[in-house]
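Trainee: With the sequence up front, the predicted model follows.
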Amino acid sequence: MRSYGWMRLWWECCRRAGDELFVLSVRDRQGTFCALLPWYRQRHRWLGRVLRWLGDRVVATDHLELLAQGPAVPEAIASLARFLEKTARGNARGTEALWDLIHLESVPCAAGHTLWLLQRLQSQGFSLWWRPDQGHWQLPLPASWEELLARLSKSHRKQLRRLKRRYFDSGRVSVCSPGSPEQLEHAFRLLVALHQKRWQSQGEPGCFASGQFTRFHRKLVQQCGPAGPVRLWHLMLDGKAVAAEYQFAAPGGWMLYQGGLDPGSLEHEPGRLALVHTLLQAIEQGVPVLDFLRGDEPYKAHIRAIRYPCAQIRVLAPSALARLRHAGYLGAHRAKGLLKPRPDDSPGAKASSSQSDRRWRPLLEEELARWLCQTGPSPLVAQKGRQSAEPRWQTPAPV
């Protein structure tokens, strides 16, 4: 998700009219690459010129981060902060400021390059605001199925053992994975059909109702091919497709991105059957981590995945107009919240207690310092067999 291929495809499929690239890079005096900030600039009707992550909005890319490496990381972050300060204020010669607001989704409330940059901006006098975002969940896997079951409650262990015995051990369930481009396209269409059928039965539009979302992922699947990192498979029950899963594989683990199921087969619990198959296969293949990505669906807590809190964060440019625009936006947001409860960001997601209050609030220095002492989710980075030659992304010392 941090790769050039993912970001370029997102820019091709999901950018809107008026969006402009705003990618910042830092090199040292020898020309060695030190840092990369993958942003774009959005023209917002009320908020003005907004800097955002490449890959955000409809695709909901996870693990977005300021990428940095080498011993000069603190200096690179300081350089980025100085550049952002200069371009927020303009200069005395009448050069126009380049941005009014920075809006970042799904920032882990933990030590990382992005938070170090935000702390630097805060120390330079910028006003920061935040609100809770959906959590990021990961499950470290044990060496055996029984060890995994031992972590769960007695009733949950009983349910999973029953499903495995009744459907998998009996042979009623089989799994189909594509082995050719034609089968890959068929599997993708089946995923879309089952996903949409499920959510539309509950009165929700479903993710694939978005043409941008569907176009992005169809092209991604086609580019990766059957032998690529995409794990696209469907589960057959008594000869009928009842569930489909869309996942990504890396040496460090699997990312579980999207799925679909047949609402006419709910008595067989197809969603849980798909999860059981994923767990069994991952343990058999020695996968160390399952990354459930963002979203506070209850099943993640039931399987004993670890939740890492995340936040949406805004940085206001130091101008009266930017502060006025943001105050107006907050007032409209509060008024809308009084008139109508805010729905969750993803279909079917249930808000957790930590997400029940989604109001924007000032991000205090003490709160940001506390976050910087926490540990966040580990990105599953594919090394492509060149582990010794690949740079290691480092967390810098406090700037």
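Mentor: Arrived safely, thanks for sending. Numbers count the residues shown, from 1 in each chain.
Trainee: which residue is nearest the centroid of this protein?
Mentor: D62 (2.1 Å; CA atoms, centre = their mean).
Trainee: Doesn't that residue belong to a helix?
Mentor: No - read with DSSP: H, G, I helix; E, B strand; the rest coil, D62 is coil and lies in no helix.
Trainee: quick one: contacts for it?
Mentor: 1, 106, 136, 255, 291, 293-294 (CB atoms under 8 Å, 6 or more residues apart in numbering). Heads up, the C-betas are built off the backbone N, CA and C, glycines and all.
Trainee: Which one (most neighbours) among these?
Mentor: Within the contacts of D62, H136 tops the neighbour count with 26 neighbours, counted by other CB atoms under 10 Å.
Trainee: How are the helices of the protein distributed by residue range?
Mentor: Using DSSP state H, the helices found in the chain span residues 4-14, 73-89, 113-123, 145-150, 154-163, 181-200, 211-224, 270-284, 298-302, 320-339, 365-371.
Trainee: Remind me what the last one packs against, helices and strands.
Mentor: This means helix 365-371. The contact analysis (3 or more CB pairs under 8 Å, 6 or more residues apart in numbering; DSSP states H and E) places helix 365-371 against helix 113-123.
Trainee: relative to helix 73-89, how tilted is the helix it packs on?
Mentor: 50 degrees (axes from the mean of the first three to the mean of the last three CA atoms, to 10 degrees).
Trainee: helices or strands up against helix 113-123?
Mentor: Right, helix 113-123 is packed against helix 73-89, strand 101-108, strand 127-140, strand 306-316, helix 365-371 by 3+ CB pairs under 8 Å, 6+ apart.
Trainee: Same list, the contacts of D62, but as TSV with pLDDT and distance to Y40 please.
Mentor: Listed next are the contacts of D62 as TSV, based on pLDDT from 0 to 100; distance: CB to CB, whole Å:
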residue	pLDDT	distance to Y40
M1	90	16
S106	94	16
H136	96	22
M255	96	23
D291	96	25
L293	95	21
R294	94	20
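Trainee: Buried residues, stretch 9-23. List them.
Mentor: Within stretch 9-23, the residues scored as buried using 16 or more other CB atoms under 10 Å are 9-10, 13-15, 19, 22.
Trainee: er, stretch 298-306 I mean
Mentor: By neighbour count on 16+ other CB under 10 Å, the buried set for stretch 298-306 is 300, 303, 305-306.
Trainee: Quick one: end-to-end length of that stretch, please.
Mentor: 12 Å (CA to CA, to the nearest Å).
Trainee: who touches that stretch?
Mentor: Counting by CB under 8 Å, 6+ apart, 137-140, 151-152, 156, 271-272, 275, 279, 290, 292, 307, 350 sit against stretch 298-306.
Trainee: How much space separates L273 from R218?
Mentor: 26 Å (CB to CB, to the nearest Å).
Trainee: So which of these two has more stuff around it?
Mentor: Between L273 and R218, counting by other CB under 10 Å, L273 is the more crowded of the two (24 against 16).
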